[in-house]
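*Asks:* Sequence below, structure please.
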Amino acid sequence: MMLLKIGRLPKYINLSAYDKNAVRALVGYIQNENQRNITLSFYALADLIDLSRSLLMLGLLKQLENILVKMASQKTDSLLQALIIVGNERSIYGGLIVRQKIEKIAAAKFQDIVQHRLFRHIPPIIFANVIARALIFSRIRSAFLSDGDRNSIQERLKTLPNGEKMIPFIMTTLTSTFCRRCCIIKEHIDKGLIRCGIPKPRNDTAIDLRKLPLLVK
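*Replies:* Predicted coordinates:
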């Protein structure tokens, strides 16, 4: 263990807040027990990943992250659970590589995940990362959408959770020049890829701020 090597191994750790199966698996790993046939729920797996990261058990953490990526690539159910796991606070700051791998899988299966019952439970930051990929919105600029295309977008939005409420916002943003981009990935923009980056604004509707109900202090 890394904590033992650096002389910071605590004498006692209160693990009562963690799933008991996750704790049992952790103890078994420390004692070098054979755990090939162990079965864990996603809740327990999330706790075990959290524990291994907190205790700097990097060998165990790498194994668990590889398992998570493998499971995410197999079934949509597992993919949604993996997105939820990598979206927690500790994973956001400590599991960058595995998170990016799972986000890449999600982007490729975007049509499946938006129809899934757990779709609304995806952490906002993870969802934003997924849809920001050129993989999702690299097909056509909004400036080239026909009236039929826009009607089709509205009909599809109605099938999503709370999609009807989002229609006014989404259809308004589609008319803005600032929204006529395929992706905003810096590497793509730096390379000068023609379908990436934000075009120069023109013909946008001006907003008269004096008419907005803003509070003046």
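*Asks:* Every contact and neighbour count from this point should use C-alpha atoms.
*Replies:* Will do.
*Asks:* distance of Arg8 from Leu55?
*Replies:* In this structure, Arg8 and Leu55 are 10 Å apart, going by Cα to Cα, to the nearest Å.
*Asks:* If you count surrounding residues, which of these two has more?
*Replies:* It is Leu55, of Arg8 and Leu55, that has more neighbours when counted by other Cα atoms under 10 Å, with 16 against 9.
*Asks:* Against Ile30, how distant is that one?
*Replies:* For Leu55 relative to Ile30 (Cα to Cα), the value is 12 Å.
*Asks:* next one: the lengthiest helix in the chain to chain centre, how far?
*Replies:* Ranked by number of residues, the top helix in the chain under DSSP state H is helix 58-72. Taking Cα atoms, centre = their mean, to the nearest Å, one finds the center of helix 58-72 at 17 Å from the center of the full chain.
*Asks:* Stretch 118-136 too?
*Replies:* Relative to the chain's own centre, stretch 118-136 is displaced by 5 Å; criterion: Cα atoms, centre = their mean.
*Asks:* Same question for the longest helix of the chain: list its buried residues.
*Replies:* Using 16 or more other Cα atoms under 10 Å as the burial criterion, the residues of helix 58-72 that qualify are 60-62, 64-65, 68-69, 71-72.
*Asks:* Same check on stretch 145-158?
*Replies:* Result for stretch 145-158 [16+ other Cα under 10 Å]: buried residues 154, 157.
*Asks:* What are the contacting residues of that stretch?
*Replies:* Stretch 145-158 is contacted from outside by 163-164, 166-167, 171, using Cα atoms under 8 Å, 6 or more residues apart in numbering.
*Asks:* now those residues as JSON lines including distance to Asp190, pLDDT and neighbour count?
*Replies:* Compiled in JSON lines, the contacts of stretch 145-158 are given as follows (distance: Cα to Cα, whole Å; pLDDT from 0 to 100; neighbours: other Cα atoms under 10 Å):
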{"residue": "Gly163", "distance to Asp190": "34", "pLDDT": "80", "neighbour count": "15"}
{"residue": "Glu164", "distance to Asp190": "37", "pLDDT": "85", "neighbour count": "14"}
{"residue": "Met166", "distance to Asp190": "32", "pLDDT": "80", "neighbour count": "14"}
{"residue": "Ile167", "distance to Asp190": "33", "pLDDT": "85", "neighbour count": "17"}
{"residue": "Met171", "distance to Asp190": "29", "pLDDT": "81", "neighbour count": "14"}
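*Asks:* Filter these down to the ones in helices?
*Replies:* Among those, DSSP H puts 163-164, 166-167, 171 in helices.
*Asks:* quick one: low-confidence parts of this protein?
*Replies:* For the chain, applying pLDDT under 70 flags the ranges 1-4, 89-93, 134-143, 176-184, 193-195, 198-217.
*Asks:* which residue is nearest the centroid of the protein?
*Replies:* Ile126 (2.1 Å; Cα atoms, centre = their mean).
*Asks:* Can you name the residues that contact that one?
*Replies:* Ile126 sits next to 83, 87, 103 when contact means Cα under 8 Å, 6+ apart.
*Asks:* go with 10 Å
*Replies:* Residues counted as contacts of Ile126 (Cα atoms under 10 Å, 6 or more residues apart in numbering) are 83-84, 86-88, 92, 99-100, 102-103, 106, 132.
*Asks:* quick one: which two of the residues you listed are the most distant?
*Replies:* Asn88 and Ala132 (19.0 Å; Cα to Cα).
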